[in-house]
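K.L.:
next come a sequence and a model predicted from it.
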Amino acid sequence: TRNLLYPLQSGEGGGGSSSSFFDRALRLLVEGIRFGLIIAMCAIGLSLIFGTTGLTNFSHGEMVTFGAIVAWVFNVTWHWPFIWSAVIAILISIGMGFGIDRFFWRPLRNRGTGLIAMLVISIGLGLLVRYIFQFQFGGFNEAYRQYTLQTGLKFGPVTIVPRDLIGMGLSIMVLVAVATLLQKTRMGKAMRAVADNK
């Protein structure tokens, strides 16, 4: 069973007041917060890249998707536990990020390629990677093995599955950790200094 946000037919079932405006608004608010936290984590990387290099990297979404696909391959195809799949995906994604910067973006910067040209290149790179993903894995949603079916937890009118609660908690922890790193550490101070004045 899966909760849906939108009714498939007009009106509420039977004309009763089983789902009030307040209940629907509360459910949508929780869904919006959950989705917003995921977007916020992705936006951190995008804003750090823009702040330190001035590049609006239009292929950033594909790099985030790369990590999710790596975790899915380890979890579903090779039957690794999800936690280990996620750790391996993070490490491989870090290596991929360093590799792309070292062998792709850095040579372009050293050659004096302008930011507009690099922006266009990032759009092309994003399209290339996106279509490779779609060709190899298809364009449909896939689930990790351990999290295909979970019983929802009810909080008043809101039902939320444990994976979403854990995901929201991890998102908040990552956002707080990055904010702390940027504000309280020497490396964070250096990154803010570079963003302010290269």
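P.N.:
Okay, I see it.
K.L.:
which residues in the chain form strands?
P.N.:
153-155, 158-160 (DSSP state E).
K.L.:
partners of the first one in the sheet?
P.N.:
It refers to strand 153-155. Pairing partners of strand 153-155, with direction, according to DSSP bridges: strand 158-160 (antiparallel).
K.L.:
residues of the strand it pairs with that come out buried?
P.N.:
Of all the residues in strand 158-160, those buried under the rule 16 or more other CB atoms under 10 Å are 158, 160. (Each C-beta comes from the backbone N, C-alpha and C, glycine too.)
K.L.:
what does it contact?
P.N.:
3, 26, 27, 30, 34, 152, 153 (CB atoms under 8 Å, 6 or more residues apart in numbering).
K.L.:
got a list of what the second one touches?
P.N.:
Read it as residue 26. Per CB under 8 Å, 6+ apart, neighbours of residue 26: 156, 157, 158.
K.L.:
could the residues you listed go into a markdown table alongside pLDDT?
P.N.:
A markdown table is the format used below for the contacts of residue 26 (pLDDT from 0 to 100):
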| residue | pLDDT |
| --- | --- |
| 156 | 84 |
| 157 | 85 |
| 158 | 87 |
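K.L.:
which one of those is nearest residue 134?
P.N.:
Checking those against residue 134 by CB to CB gives residue 158 as the nearest, at 33.8 Å.
K.L.:
follow-up on the earlier one: buried subset of the contacts of strand 158-160?
P.N.:
Buried, going by 16+ other CB under 10 Å: 27, 30, out of the contacts of strand 158-160.
K.L.:
among the contacts of strand 158-160, which ones are in helices?
P.N.:
Taking DSSP state H, the ones among the contacts of strand 158-160 that sit in helices are 26, 27, 30, 34.
K.L.:
wait, which of these is closest to residue 133?
P.N.:
Distances from residue 133 to these, taken by CB to CB, are shortest for residue 34, at 23.5 Å.
K.L.:
wait, what's in contact with the closest one?
P.N.:
160, 164, 167, 168.
K.L.:
now residue 179
P.N.:
Counting by CB under 8 Å, 6+ apart, residue 179 has no contacts.
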